[in-house]
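> Next comes the sequence, and after it the predicted model I'd like to discuss.
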Amino acid sequence: MVESSRTASRSRAVIGESQHLLFSVAPGALWIFVFLVLPSLYLMAVAFMTNGPYGLPQMPLTLDSFEQLAGFGFLGWSPGNLYTLLRSLWQTLIATVLVVMVAYPIAYYITTCRVKWRAIMLLLVVVPSWTNQVIRTFGWMNLLAPGTPLSDLAQWLGVIPPNMGLYPSNFAVTLGLVYNFLPFMVLPLYAAFEKLDTAQVQAAQDLYASPMRTFWHAVFPQTLPGLLAGTVLVAIPAFGMYVIPELLGGGKGMMLGNLVANQFAGGSNWPLGAAGAILMLIATFIGLFAMRRIGKRLGGGEEVVI
Amino acid sequence: MSHPTTVAKTADQGETEKSRSNSTRQSSERERREPSSIELKGLHKRFGKDTVALDDVDLTIEAGEFFTLLGPSGCGKTTLLRMLAGLEEPDAGHVCIGGQDVTDIPPHKRSVNTVFQSYALFPHLSVRDNLAFGLRMRGESKTEQRRKVDEVAEFIQLGSLVDRPVDQLSGGQRQRIALARALICEPNVLLLDEPLSALDAGLRGQLQVELQRIQKRLGMTFVFVTHDQAEAMVMSDRIAVLDGGIIQQVGSPSEVYEHPRNAFVARFMGHDNLYAIHASGDDWVDTELGRLRLDPAEQREEQDGWLLIRPETLELNAENLNAENPENYNQLQGKVMERLYRGSHVEYRLEVEGVTMMATASNVGQRLLNVGDKVTVGVCPDDLVRVAS
């Protein structure tokens, strides 16, 4: 008797809890459904439709847009889109590696500063991103254009031909990406460094590890979670980047994001654009999955949450 | 006797690794390992402009000794330990380990290992990899690493801990792993930086005994840092009491406790009954307590200073105060102000001649005194100790 009433009161409590949960989650879930799930489903549908006049999608459902994306057109196969994909991957890889190389010492340096200074240093890292990305990218255009000191220097060094600028070029795109995404790597790395116990570094030295080996065996493994988190934060948006290659790349520096945007914005081919967007989505998921695997293998006890 | 490891370590790294890869020599070396003595000469260390951590420290630690650096926080004891490890560089002076000047030798080339206060275990490595870290860095073979890890695990009785992740260990278990990680490298000197301070009292007492036993069994030189005078007395062969970067006294636990050289050492060793000496003669002193006789043999050169009366030397209400020559026996009249019952003994706070005096009485066959009781306090002249300021 007592038992059953207790069970009853417990199940009532559970219902109350789940109702509570429903109310708190519902607005967010609705938001995600309306503004993320529905558009994504629509995008997928569009990708399988036929390109109509003015680039708008129409029936019937075909695989035309994916064939076009793969490079098959009226004039046979062309490698243009494939190059764009490869360029996107390459730019992402290079930019991420460079960001790591720049961010790692910065993050370490900040942790060695006094507590009072750390907040200021971190602020300095973040402050540039308070300005609109387009405006910052225009700034780089001005810095790298022909006739600017940097371009003159590059000419004098023989890196670029006379009367040319560092912009537009793939180099300018890489530079823009590194500049833009630096804070996204510095912050997680800083968090990883800050958690590091200096006694552990000393313990490694005490246990016969040279400074180099101390870094590799005691410091680096412990910053891996931060490094992987930063890589995700940098690589994924960099892969889909539109503004920087559009402004700094010129016609030859196009990335996948530009390909997709052009199909929609130019009004030329919505199904093709949708197919490109799906390709990006798939590539991103593959990348995330790979990062997860790496994180699990190298991260030791700490799981990298992606 | 030569010190093969010390010599190898100070030689270049390549040679060290070569000599260590010879595993048969390595294992036989264990049996005839010689602990190292330590000699510190004129060590000086300053942090910033006006913080003096060490002020001209000279100290000799014998080979195979359990030596404790004792002092309050900021006295320089940890700085001194870190200098032995090579983690801190002296501004002036020399550090010699095993007869060799290692002042300019970096930590990873010293045959000295440290048990850190925070244990400093590597969270990204398993317990087994933590234990093998030093051996791996020295370039010992995998089989050798495995053999030694198993050996040390048995020695320290780690049992199944070896296969557990580091973040699942309790404080006491971490402490043992940290100790094992340092011992596995068979250093000539083991440094311990307050390794027991984070543990609760029971576990602490247990590990004090265990540490001391391990030290005696290995015959290794242990340098132990603590701020706990009871811990220092229990464990050490000798104690150095530090304050303000200066060594105040070096001696065996009983020397330091019974004959503290100055008032700081006396207070730090837990003595409360210190009375300023106003005047003194051959066999008497004048203090707030009045004139007291003392043993002429106990004479010191200093005329002023403090008189130390250890609470456990006082005799309360004794019937036959030194029957042979009672006139030499100091007798004071007091009153019980407070009673602290400790089980094995009882502590009384007395008021004698208007000043406070602590007395300890054994809890065997004696009637407990009550607060407010009048009491006769007997002080044998032999037990009075003069202490410098």
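Received the coordinates, thanks.
> only C-alpha atoms for contact and neighbour calcs from this point on.
OK.
> Restricting to C-alpha, output stretch A:225-243 in CSV.
Extracted in CSV, the C-alpha atoms of stretch A:225-243 (Å, rounded to 0.1, in the frame of the first residue of the first chain):
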residue,chain,number,x,y,z
PRO,A,225,42.3,19.1,-26.5
GLY,A,226,42.7,22.8,-26.9
LEU,A,227,44.5,22.4,-30.2
LEU,A,228,41.8,20.1,-31.6
ALA,A,229,39.0,22.4,-30.4
GLY,A,230,40.8,25.3,-32.0
THR,A,231,41.2,23.4,-35.2
VAL,A,232,37.5,22.7,-35.5
LEU,A,233,36.7,26.3,-34.8
VAL,A,234,39.2,27.4,-37.5
ALA,A,235,39.0,24.8,-40.2
ILE,A,236,35.2,24.5,-40.6
PRO,A,237,34.4,28.2,-41.1
ALA,A,238,37.5,28.6,-43.1
PHE,A,239,36.4,25.8,-45.5
GLY,A,240,33.1,27.6,-46.2
MET,A,241,34.6,31.1,-46.2
TYR,A,242,33.1,33.5,-48.7
VAL,A,243,34.1,37.1,-47.9
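> how distant is that stretch from the center of its chain?
3 Å (C-alpha atoms, centre = their mean, to the nearest Å).
> go on, stretch A:143-152?
Stretch A:143-152 has its average C-alpha position 29 Å from the chain's average C-alpha position, going by C-alpha atoms, centre = their mean.
> List the contacts of that stretch.
Around stretch A:143-152, the neighbours that count as contacts under C-alpha atoms under 8 Å, 6 or more residues apart in numbering or on different chains are A:142, A:163-168, A:172.
> Ok, stretch A:171-191 next?
A:91, A:94-96, A:98-100, A:102-104, A:106-108, A:110-111, A:122, A:125-126, A:129, A:133, A:137, A:140, A:144, A:166, A:223, A:226-227, A:229-231, A:233-234, A:238, A:244-245, A:248-249, A:253.
> try stretch B:120-133
A:197, A:199-200, A:203-204, A:207, A:218, A:221-222, A:299-302, B:145-146, B:149, B:161-167, B:174, B:177-178, B:180-182, B:184.
> now do 7 Å
Outside stretch B:120-133, the residues that touch it by C-alpha atoms under 7 Å, 6 or more residues apart in numbering or on different chains are A:199-200, A:203, A:207, A:221-222, A:300-301, B:145, B:149, B:162-167, B:178, B:180-181.
> Stretch B:345-363 too?
Contact partners of stretch B:345-363, identified using C-alpha under 7 Å, 6+ apart, comprise B:272-273, B:289, B:311-312, B:314, B:332-341, B:344.
> Can I get it in PDB? Just the C-alpha atoms.
What follows is the C-alpha trace of stretch B:345-363 in PDB, where atoms were taken according to Å, rounded to 0.1, in the frame of the first residue of the first chain:
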ATOM      1  CA  HIS B 345      48.800  12.900  29.200                       C
ATOM      2  CA  VAL B 346      47.300  16.000  30.600                       C
ATOM      3  CA  GLU B 347      48.300  19.600  29.800                       C
ATOM      4  CA  TYR B 348      47.800  22.300  32.400                       C
ATOM      5  CA  ARG B 349      48.000  26.000  31.800                       C
ATOM      6  CA  LEU B 350      49.400  27.400  35.100                       C
ATOM      7  CA  GLU B 351      49.800  30.800  36.400                       C
ATOM      8  CA  VAL B 352      53.100  31.100  38.200                       C
ATOM      9  CA  GLU B 353      54.300  34.500  39.700                       C
ATOM     10  CA  GLY B 354      51.700  36.200  37.400                       C
ATOM     11  CA  VAL B 355      53.000  34.600  34.200                       C
ATOM     12  CA  THR B 356      51.700  31.700  32.200                       C
ATOM     13  CA  MET B 357      53.500  28.400  32.300                       C
ATOM     14  CA  MET B 358      52.500  25.200  30.500                       C
ATOM     15  CA  ALA B 359      53.000  21.900  32.300                       C
ATOM     16  CA  THR B 360      52.500  18.300  31.000                       C
ATOM     17  CA  ALA B 361      51.800  15.500  33.400                       C
ATOM     18  CA  SER B 362      51.700  11.800  32.600                       C
ATOM     19  CA  ASN B 363      48.200  10.300  33.000                       C
END
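> On the three-state scheme, the residue in the stretch 151-300 of chain A that chain B sits nearest to is what?
Of the residues in the stretch 151-300 of chain A, the one nearest chain B is A:Tyr208, at a distance of 3.8 Å by C-alpha to the nearest C-alpha. Three-state call for A:Tyr208 (DSSP: H, G, I helix; E, B strand; the rest coil): coil.
> What sits closest to it if chain neighbours are left out?
Distances taken as C-alpha to C-alpha, 6 or more residues apart in numbering or on different chains place B:His108 nearest to A:Tyr208, at 3.8 Å, with adjacent residues excluded.
> Give me the distance between that neighbour and A:Thr198.
16 Å (C-alpha to C-alpha, to the nearest Å).
> Those two - which one has more neighbours?
The residue with more neighbours, out of B:His108 and A:Thr198, is B:His108; 27 against 12, by other C-alpha atoms under 10 Å in any protein chain shown.
> Wait, the more buried one touches A:Gln205, no?
Yes. Using C-alpha atoms under 7 Å, B:His108 makes contact with A:Gln205 at a distance of 4.9 Å.
> quick revisit: list the contacts for the residue of the stretch 151-300 of chain A closest to chain B?
A:Tyr208 makes contact with B:108-109, B:134, B:137-138, according to C-alpha under 7 Å, 6+ apart.
> Could you tell me the model confidence score at it?
For A:Tyr208, the pLDDT comes out at 92.
> No further queries at this time; thank you.
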